[in-house]
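J.: Kindly return the folded structure for what I paste below:
(one chain, ligands or ions: 1)
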Amino acid sequence: MTHDVISLSRRRLLQGGSAMMAAGLAGAPAFAKAPMLGTQAPYFYRFKLGNAEATIVSDGPLPLGDPHKNFLGLTPAEMDKQLTDNFLPLDNALLEQNALVVNTGDRLVLFDTGLGSLSIFGKTTGKLMASLKQAGIDGKDIDAVVMSHAHIDHCGGCMADDGTRHFPNAQYYITQADYDFWTDEKKVGPDLKVFWETAVKNLTPNKDRMVFIKDGQEFLPGIQAILAPGHTVGHTIFMISSAGKQLCYIGDLTHHPVLLMEKPLTEFAYDTDPKASAQTRVKMLNMLAGNRIPILAYHFAWPGIGHVAKQGDGFRYYPEPMNMVL
Ligand SMILES: [Zn+2]
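T.: Residues are numbered from 1 along each chain as shown. Here you go, the predicted model:
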């Protein structure tokens with residue numbers, strides 16, 4: 001009642017008053033206020049997938065830097081138009097790191113592990129263990145760590161800096177091609193030395209727990225490997241099925257929801273074989289679009305689930321609305 005009266009009198013003042021009076025109102029003391037909190041929501045998102053429970057857990061945002069240096073083949077004008085049309089900044093491609101935990105009822109499966117303690121992209125990464133904790137998931141309960149490939153932002157969180165395992169009861173699943181490539185200093189080369197160091201730190205201590213997965217294999221119940229090479233020699237995506245529902249964990253099939261989608265033959269600077277990567281991307285996105293299969297994209301905007309559809313010469317990503325009711 002009091003507020004109605006006050007707002008009515010304010011409105012009268014505004015309607016009949018001068019600009020000076022309005023300015024005076026804006027400066028009037030508030031009826032209530034609070035300090036700014038500077039805190040954010042927990043960094044996990046949970047949903048049902050058939051009979052399974054899926055939880056996306058973040059390792060934190062990964063600011064990649066200047067898109068013109070990381071995405072190759074578009075002219076600067078073409079790239080700027082794509083970014084501007086999608087209300088994205090021109091100076092920094094901000095990737096997310098959307099790892100996934102699937103609880104099948106019988107086992108807990110983690111897909112990819114983030115950057116661990118590496119800080120080469122700044123201080124916003126390395127959140128995986130904290131995100132798991134927020135989500136109520138204990139590293140000791142993880143039965144399987146499945147890796148799409150052996151890059152630093154996917155295998156970097158297997159081991160703690162003191163040499164202990166973050167997931168002490170897990171077996172580790174990756175292709176032998178990726179394991180052999182990224183743990184071999186000569187194959188990796190000096191430019192990507194940190195990639196070799198990270199693979200050696202995180203994969204080599206687990207060699208006796210390593211299960212090498214093969215194209216087409218259902219290596220865990222309801223989880224099938226689909227080889228998608230190019231980004232790395234053994235890069236693999238995963239079709240997860242439960243009670244008639246499907247989700248495709250696409251790893252690094254595409255790093256950007258616009259730049260590698262509108263013109264999907266655009267190349268990515270960190271691809272081992274950019275041409276093969278682009279061909280794989282088109283083939284797999286065609287399959288996912290044609291079958292309307294939902295995807296989880298590791299590097300898309302949080303939480304990275306949605307669909308792809310064909311559009312023009314390429315594809316468009318449709319993020320799925322978050323559903324906060326389980
Ligand atoms: Zn990645």
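J.: quick one: Glu78 from Val258, how far?
T.: 11 Å (C-beta to C-beta, to the nearest Å). Bear in mind the C-beta positions are built from the backbone N, C-alpha and C, glycine included.
J.: more neighbours, the two?
T.: Val258 (22 against 14; other C-beta atoms under 10 Å).
J.: and the closest residue to the more buried one other than its chain neighbours, how many neighbours?
T.: Leaving out its chain neighbours, the residue that sits closest to Val258 by C-beta to C-beta, 6 or more residues apart in numbering is Asn86, at 4.8 Å. Using other C-beta under 10 Å, Asn86 is surrounded by 12 other residues.
J.: How about Leu108?
T.: 22.
J.: What separation do you get for it and Gln224?
T.: Look at Leu108 and Gln224: by C-beta to C-beta, they are 18 Å apart.
J.: Ok, Asp252 next?
T.: Distance from Asp252 to Gln224, by C-beta to C-beta: 18 Å.
J.: Show me which of those two is the more surrounded one.
T.: Counted by other C-beta under 10 Å, Asp252 and Gln224 do not tie: Asp252 has more neighbours, with 27 against 19.
J.: Can you check the pLDDT for that one?
T.: Looking at Asp252, its pLDDT stands at 98.
J.: Then Leu25?
T.: pLDDT, read off for Leu25, is 84.
J.: Tell me if it really is in a strand.
T.: No - secondary structure of Leu25 (DSSP: H, G, I helix; E, B strand; the rest coil): helix, not part of a strand.
J.: That one: how many residues sit nearby?
T.: For Leu25, the neighbour count with other C-beta under 10 Å is 11.
J.: ok, and the closest non-adjacent residue to whichever residue of the stretch 201-326 of the chain sits closest to the ion?
T.: Nearest residue of the stretch 201-326 of the chain to the ion, counting by C-beta to the ion: Asp252, 4.4 Å away. In this structure, Asp252 finds its nearest non-sequential neighbour in His231, 4.8 Å apart by C-beta to C-beta, 6+ apart.
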